[in-house]
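Enquirer: please work out how this folds:
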Amino acid sequence: MDTAMETGADSSKQTEGGNSGGEMASHITQRATEILEREDPVDFIIKSFERMHIGDKPTAKYLLASVISQQIKNTKGIQPKTHGRSTGGKTHCG
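Expert: Next up is the predicted model:
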């Protein structure tokens with residue numbers, strides 16, 4: 001039987017890391033702060049993307065720009081549309 005069910009705990013309030021209330025684990029917050037203060041955050045995100053999807057660095061930057069633009073209050077963001085040859089990885093990339 002599931003531990004949450006045995007104890008009567010509401011597992012829907014648990015995050016993937018096991019924290020409740022949407023709190024992020026301190027080591028994740030510390031690493032994110034380190035990236036923001038000492039590294040290039042865009043480069044970090046692009047390298048993370050490349051671990052899951054080989055190639056398409058321009059597409060990765062384009063998608064990142066579209067996500068970031070959604071945070072601008074006086075815009076509706078950029079609606080990305082990828083195009084290219086079939087089997088080019090567009091579906092997996094987006």
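
Enquirer: Glu39: how many residues sit nearby?
Expert: 10 (other C-beta atoms under 10 Å). Yep, even glycine has a C-beta here, placed from its N, CA and C like the rest.

Enquirer: now it: how far from Leu63?
Expert: According to C-beta to C-beta, to the nearest Å, Glu39 stands 20 Å off from Leu63.

Enquirer: lowest-confidence helix or strand of this protein?
Expert: One helix or strand of the chain scores below all others by mean pLDDT, DSSP states H and E: helix 3-7, with a mean of 42.

Enquirer: and the helix or strand just after it, what does it pack against?
Expert: Next in sequence after helix 3-7, counting helices and strands by DSSP states H and E, comes helix 26-38. Taking 3 or more C-beta pairs under 8 Å, 6 or more residues apart in numbering; DSSP states H and E as the contact definition, helix 26-38 has no neighbouring helices or strands.

Enquirer: what mean pLDDT does helix 26-38 have?
Expert: Helix 26-38 carries an average pLDDT of 94.

Enquirer: report the angle between the axes of the helix or strand that comes right after that helix and helix 26-38?
Expert: Moving toward the C-terminus from helix 26-38, the next helix or strand (DSSP H and E) is helix 41-52. Following axes from the mean of the first three to the mean of the last three C-alpha atoms, to 10 degrees, one obtains 120 degrees for the angle between helix 41-52 and helix 26-38.

Enquirer: for helix 41-52, packing partners?
Expert: If you count contacts as 3+ C-beta pairs under 8 Å, 6+ apart, helix 41-52 packs onto helix 57-69.

Enquirer: who does the helix it packs on touch, helix- and strand-wise?
Expert: helix 41-52, helix 90-93.

Enquirer: these: lowest mean pLDDT?
Expert: Of all the helices and strands packed on helix 57-69, helix 90-93 has the smallest average pLDDT, which comes to a mean of 58.

Enquirer: reformat the helices and strands packed on helix 57-69 as a markdown table; add distance to Glu34 and mean neighbour count.
Expert: Compiled in a markdown table, the helices and strands packed on helix 57-69 are given as follows (distance: least, C-beta to C-beta, whole Å; neighbours: other C-beta atoms under 10 Å):
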| stretch | distance to Glu34 | mean neighbour count |
| --- | --- | --- |
| helix 41-52 | 10 | 13 |
| helix 90-93 | 27 | 12 |
